[in-house]
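S.K.: No sequence on hand, only this structure:
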RNA sequence: GGUCCUAUAGUUCAAGGGAUAGAACAAAAGUUUCCUAAACUUUAGAUCCAGGUUCGAGUCCUGGUGGGACUACCA
C-alpha cells in the first residue's frame, strides 16, 4: 500500500467535500515528513490556498480534520505553517511491512513490454582497459540491470573497435620486435601484451621523428613521413584488401586481447548478450547516406565528399563520406543504429559513452531526424563524466593511466589486509576468505564509482577509494553481515521471524517507510538512468539499521512478540539491501 | 567563434519548486563487561556572482565568472 496515494486520494476528497472543487492529482503535493516534525507524510497546502481561500494554517486544519474521519489508518495530524503533517497508524506500517515481506522480488516492476538495448564498454583492441572503462562498464551493466528491474526487456551489447590504424600500430611493433612472443611465452595477459607493443610503437615512432628532425626535416613533415607510421598505414591498406598474412596476425593478436578482456569482464561481473565487431560494421551506413542525398537533406561538395549542413541547428557542417567514398565514424554509427532498429523492435537504445562525445550524439540524432526515421528519439546517450586523478587527467603519454586490472588487484589486496588486521575470520576456510576479499574489494570499487551521478566528472583518489569506512561499499556489506549474524543466531535458537501485533517504535516506522519507498526509487533511478540513486538509497538504509542496532537489542529483547517482529524487520532490511546492491552488481557477505 | 556539460562545508558526494541545505572523509570530543567498533554519539563548518519567475529557488529562466569536453576526410 502506498501512503502517498492514500493521502492524495484523501486530500482530493477533502477539497471536494470542503470547497466543492475537483482538483487534479498534481495539485496535491506530498513529501516525507521532515524528521524534526511529528508525522509520516506531509501534504503541502500552498497550492490549495487559491481554492480554499483561507490561510495555510486554517486550510491544513480543515483538511486534516476531514482526513481523520476519511480513513482509519490516518491517526493524527498537525499543521506547521503550510504543511499538513499526517501520522499513519502502527497497523498501517505493519501491513506495509507484511507486504514487503511477502514479496521476494520486492521492487521488481511488472513487465513493460518494452525492449531496450544498452551498448556499453566498446573498447579498442590495442591496449588494456583502464579506469575510464571501469566507470563505463559498471555504469552500463548496472543501468541494464536497473532497466530489467523496471520491467523492460534488456539487450546488452558491446561494439568492439577491432580495426583501424591503432590496431595496426601494435601489430607493426609486434612484428618488428616481439620475436614471436605470445601471452603464454611472456606470462602476460593478452591485452597487456598487445598494449605493450602499442606503447613500443609510439616510442619507436617518436625516435624516428627525432632522427628526421635532426636531419633537418620540419616537425610536421617528420610526423607524417616516419617510416614506421608508413608501415602501419600500409598494413591497414593490406588489411582492408584482405591480405592473408596481415589478417591472420590481426586475428591472432585480437584473440589475445579478447582473452584478456574476458578475464577482466568476468572479474568485474559484467557481461553482454551480443557483441558487435567494427570490422563487420564499418561499411554500414552508406545506403542511408545515399537516401539522404536523394531526399536533399545531405549534399555533395565539388571534391565528391558528402556533408550535412547543421548550421540551422547552431552546429557546423558534418562530413558523412570522404571524397574517396569511404565512410567515417558517423556513417558507421548511422548504419549500426539502423541495423539494430531493423533487427530488434527497440523502444529505447542507450549508448553508454563518455561525455567527450556529446557532440557526436547530438549530431547523430539530428541526422536521423533529417533522414526521417521515426525512431530517432528513441536514442539516448548516457553521457558520463571523465574520471580524474588528484594530479589531473589521466594521460597515457605521461604514464598516469590507472590500469583496470591493477586497480582491481589493489582493491582486493587492501580488502584482504584490512580484513586480516581486524581478524574476525578465524574459522573461515582459505577459499571462503579469498572469495570474501574479492567481494569486498570489488564492492568498494564499484560503490565508489557508481555512487556518483553519472554525468558528473568524478575524482578518483586512490587513498580515498580504499577507505572502507563511511559512505562506502564495505560499510553496506558490513551492515548486511551484521544483520545476517543476528538472524543466524536467531536460527540457532529456532526463532522464526514473523509479524506480530506488537506495536512499532518510531525508529522501526522510519525503517519501514524507507523500505517502502524502494520501488519508487527504482522507478526514479530507471527514469533518470542513474544507478547512483540506488547506491545512495542503500547507504541511507544501512545507516538507519546501524542506528537502530545501537538503539535496541534484538535477541535480548524480553518480549517474544517484539523479538520476532524485529527479526522480521531486519530480515527485510537484509533483503532490500541485497536487491538494491544487486542492481549495482555488488554482492553482500553473510559475515565479514 | 559555436555546441554541450558543470559549479553546494577544507575535501569527496546528496538534496523529485517546499519547512532550519543532508552525509562521509579530514579536525575536535566521547561510546566496547552488551546481537560484529569496517559501527554509533556530539561539536565546528557550504549553495560562484547579478538580475528575473514564484506564496516559496541550491533546484526553473536570462546574463556574467570559473572549470571541463567537443567543434578531424581518427574511431
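M.R.: Cool, got the structure. None of these values were measured; they are calculated from a predicted model.
S.K.: Give me the domain ranges for chain A.
M.R.: A:3-88, A:164-268, A:404-583 (automatic domain parsing).
S.K.: As JSON lines, the ones you listed with mean neighbour count would be great.
M.R.: C-beta here means a position set from N, CA and C on the backbone, and glycine is covered the same way. JSON lines is the format used below for the domains of chain A (neighbours: other CB atoms under 10 Å):
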{"stretch": "domain A:3-88", "mean neighbour count": "17"}
{"stretch": "domain A:164-268", "mean neighbour count": "17"}
{"stretch": "domain A:404-583", "mean neighbour count": "18"}
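S.K.: Among these, which comes closest to RNA strand B?
M.R.: Nearest of the domains of chain A to RNA strand B, taken as CB to the nearest atom of the strand: domain A:404-583 at 2.3 Å.
S.K.: so how far is the one helix or strand residue A:579 maps to off the chain centroid?
M.R.: Element membership for residue A:579, per DSSP states H and E: helix A:560-583. Between the centre of helix A:560-583 and the centre of its chain there are 25 Å (CA atoms, centre = their mean, to the nearest Å).
S.K.: And for stretch A:16-30?
M.R.: Mean-position distance between stretch A:16-30 and its chain equals 38 Å (CA atoms, centre = their mean).
S.K.: That one and RNA strand B, any residue contact?
M.R.: Yes: counting by CB under 7 Å from any atom of the strand, RNA strand B has neighbours in stretch A:16-30: A:29-30.
S.K.: Give the rounded mean pLDDT of that stretch.
M.R.: Averaged across stretch A:16-30, pLDDT comes to 91.
S.K.: List the contacts of that stretch.
M.R.: Stretch A:16-30 is contacted by residues A:4, A:7-8, A:11-12, A:15, A:41-44, A:47-48, A:51-53, A:62-63, A:66 when judged by CB atoms under 8 Å, 6 or more residues apart in numbering.
S.K.: Counting by contacts, list what the helix holding residue A:579 packs against.
M.R.: Contacts defined by 3 or more CB pairs under 8 Å, 6 or more residues apart in numbering; DSSP states H and E place helix A:560-583 against helix A:90-101, helix A:131-149, helix A:473-492, helix A:506-516, helix A:518-528, helix A:531-551.
S.K.: Could you point out the helix or strand that follows the helix or strand harbouring residue A:194?
M.R.: Assigned by DSSP H and E, residue A:194 belongs to helix A:190-214. Downstream of helix A:190-214, the next assigned helix or strand under DSSP H and E is helix A:219-225.
S.K.: just checking, what packs against that following helix?
M.R.: Helix A:219-225 sits against helix A:190-214, with contacts defined as 3+ CB pairs under 8 Å, 6+ apart.
S.K.: pLDDT at the residue positioned nearest the centre of chain A, what is it?
M.R.: Against the mean C-alpha coordinate of chain A, by CA atoms, centre = their mean, the closest residue is residue A:139 at 2.6 Å. Note for residue A:139: predicted pLDDT of 96.
S.K.: Could you do residue A:71 as well?
M.R.: Reported pLDDT for residue A:71: 94.
S.K.: what do you get for residue A:396?
M.R.: In this model, residue A:396 is scored at 68, pLDDT.
S.K.: nearest to residue A:157, of the domains of chain A?
M.R.: domain A:164-268 (13.4 Å; CB to CB).
S.K.: Residue A:352 is in contact with residue A:119, isn't it?
M.R.: Yes: counting by CB atoms under 8 Å, residue A:352 does reach residue A:119; the two are 6.6 Å apart.
S.K.: And these two? Which one has more around it.
M.R.: Higher neighbour count among residue A:352 and residue A:119: residue A:352, with 27 against 24, using other CB atoms under 10 Å.
S.K.: what's the overlap in contacts for residue A:352 and residue A:119?
M.R.: residue A:140.
S.K.: other SSEs contacting the helix holding residue A:194?
M.R.: Counting contacts by 3+ CB pairs under 8 Å, 6+ apart, helix A:190-214 packs against helix A:165-177, helix A:183-186, helix A:219-225, helix A:227-240, helix A:244-268.
S.K.: Throw those into TSV and include mean pLDDT, thanks.
M.R.: Converted to TSV, the helices and strands packed on helix A:190-214 look like this (pLDDT from 0 to 100):
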stretch	mean pLDDT
helix A:165-177	94
helix A:183-186	97
helix A:219-225	86
helix A:227-240	92
helix A:244-268	97
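S.K.: and residue A:513, which of the ones you listed is closest to it?
M.R.: helix A:244-268 (34.2 Å).
S.K.: Go through the next helix or strand after that closest one and flag the buried ones.
M.R.: Using DSSP H and E, the helix or strand that follows helix A:244-268 towards the C-terminus is strand A:274-277. By neighbour count with 16 or more other CB atoms under 10 Å, strand A:274-277 contains the buried residues residue A:276.
S.K.: right, is whatever helix or strand comes next after strand A:274-277 up against RNA strand B?
M.R.: Remark: after strand A:274-277, the chain's next helix or strand is helix A:278-281, criterion DSSP H and E. Yes: using CB under 7 Å from any atom of the strand, helix A:278-281 comes into contact with RNA strand B via residue A:278.
S.K.: Contacts for helix A:278-281, please.
M.R.: For helix A:278-281, contacts defined as CB under 8 Å, 6+ apart pick out A:159-164, A:332, A:335-336, A:339.
S.K.: Next step: the residues you listed restricted to helices.
M.R.: Counting by DSSP state H, these place A:332, A:335-336, A:339 in helices.
S.K.: Which of these sits closest to RNA strand B?
M.R.: Distance ranking of those against RNA strand B, using CB to the nearest atom of the strand, places residue A:332 first at 6.1 Å.
S.K.: correct me, but the closest one touches residue A:289?
M.R.: No: assessed by CB under 8 Å, residue A:332 is found out of contact with residue A:289, at 10.8 Å.
S.K.: So those two - more neighbours on which side?
M.R.: residue A:289 (22 against 18).
S.K.: Point out the one among the domains of chain A that comes closest to residue A:134.
M.R.: domain A:404-583 (5.3 Å).
S.K.: Flag every residue of the stretch 201-350 of chain A that's near RNA strand B.
M.R.: Contact residues (CB under 7 Å from any atom of the strand) of the stretch 201-350 of chain A with RNA strand B: A:278, A:282, A:301, A:303, A:305, A:314-316, A:319, A:322-324, A:328-329, A:332.
S.K.: Any idea which of those the model trusts least?
M.R.: Per-residue pLDDT puts residue A:314 lowest of these, at 81.
S.K.: Just to be sure, residue A:302 is in a strand?
M.R.: No: according to DSSP: H, G, I helix; E, B strand; the rest coil, residue A:302 belongs to no strand; its state is coil.
S.K.: right, and the helices and strands packed on helix A:190-214 - which one's nearest residue A:548?
M.R.: Nearest to residue A:548, of all the helices and strands packed on helix A:190-214, is helix A:244-268, at 33.0 Å by CB to CB.
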